[in-house]
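Undergrad: coords below, sequence missing:
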């Protein structure tokens, strides 16, 4: 069974956007599947759906899935070369593929900076312009160490025995000391991590499944986007780690 799981080498990435990550609430996530071998195709799917009380994910279609196509994806190979990934819409997801040529760590990154302003003016709240980043990695052979940042907000990880070393970045530099990360375990219990002076933190997974590591940063800059004024820009990066 363990061999089968290793061959699958499946990684699932969930991005929490404006919708809370609770049972039955809907959200976007990405699934990356392949053999873990060089020269064999890897499939990347961006999905919109919901998670029930048992942690089971259900795919949905409709307007929200169509809007998922506004995400831009790229692949960073072990040598640092960046390739744009073009996603095509399927009946229940957006999909693309790539074929790794060499051993090492392949990073899959996504960004959506075309979300509409979250308008809270009707309830007296402040309007926020959201920008969302996705990231994860696909391994061929042995894993490499922590990677360099490739987007404005970025997260990389490396495994140290049974612990996970997390490196958070903002604008190509380590995130500020004492900044906080939020880690959601497969049962959606939340743990807070505080970054050190190098922008790193460590945690130990306690069960198998998907862990979401989140970094938020709010830019107080105001503006107007598509006719709607906003008072700040909320940047959010979600990294998914799948523990077998």
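TA: Arrived safely, thanks for sending. In this text the structure is predicted, and so the values were computed from the model without any measurement.

Undergrad: Where does residue 84 fall, secondary structure wise?
TA: Assessed by DSSP states H and E, residue 84 sits inside strand 82-85.

Undergrad: Direction included, what does that strand pair up with?
TA: Using DSSP bridges, the strands paired with strand 82-85 are strand 72-76 (antiparallel).

Undergrad: Other residues contacting the strand it pairs with?
TA: The contact list for strand 72-76, computed with Cβ atoms under 8 Å, 6 or more residues apart in numbering, reads 44, 46, 82-85, 87, 96, 98, 106-112, 134, 147, 150. (Each C-beta comes from the backbone N, C-alpha and C, glycine too.)

Undergrad: Repeat the analysis, applying 7 Å as the threshold.
TA: Residues outside strand 72-76 that contact it (Cβ atoms under 7 Å, 6 or more residues apart in numbering): 82-85, 87, 96, 98, 106-111, 150.

Undergrad: tell me the mean pLDDT over that strand?
TA: Taken as a whole, strand 72-76 carries a mean pLDDT of 95.

Undergrad: Stretch 44-60 too?
TA: 80.

Undergrad: Distance from it to the middle of the chain?
TA: Distance, stretch centre to chain centre, for stretch 44-60: 15 Å (Cα atoms, centre = their mean, to the nearest Å).

Undergrad: Also stretch 51-62?
TA: 18 Å.

Undergrad: and the end-to-end length of that stretch?
TA: One end of stretch 51-62 to the other measures 17 Å (Cα to Cα, to the nearest Å).

Undergrad: mind checking how far the residue lying closest to residue 60 once chain neighbours are set aside is from residue 193?
TA: Closest residue in space to residue 60, ignoring its immediate chain neighbours: residue 49 at 4.7 Å, by Cβ to Cβ, 6 or more residues apart in numbering. From residue 49 across to residue 193, the span is 27 Å (Cβ to Cβ, to the nearest Å).

Undergrad: quick revisit: for the residue nearest to residue 60, which residues count as its bridge partners?
TA: Legend: beta-bridge partners of residue 49 under DSSP bridges are residue 27, residue 59.

Undergrad: Can you name the residues that contact residue 190?
TA: Going by Cβ under 7 Å, 6+ apart, residue 190 touches 182, 184.

Undergrad: ok, what's across the strand from it?
TA: Here residue 190 sits in beta bridges with residue 184, going by DSSP bridges.

Undergrad: close enough to count as contact, residue 202 and residue 163?
TA: Yes. Using Cβ atoms under 7 Å, residue 202 is in contact with residue 163, at 5.3 Å.

Undergrad: How many residues are close by residue 89?
TA: By other Cβ atoms under 10 Å, 14 other residues sit near residue 89.
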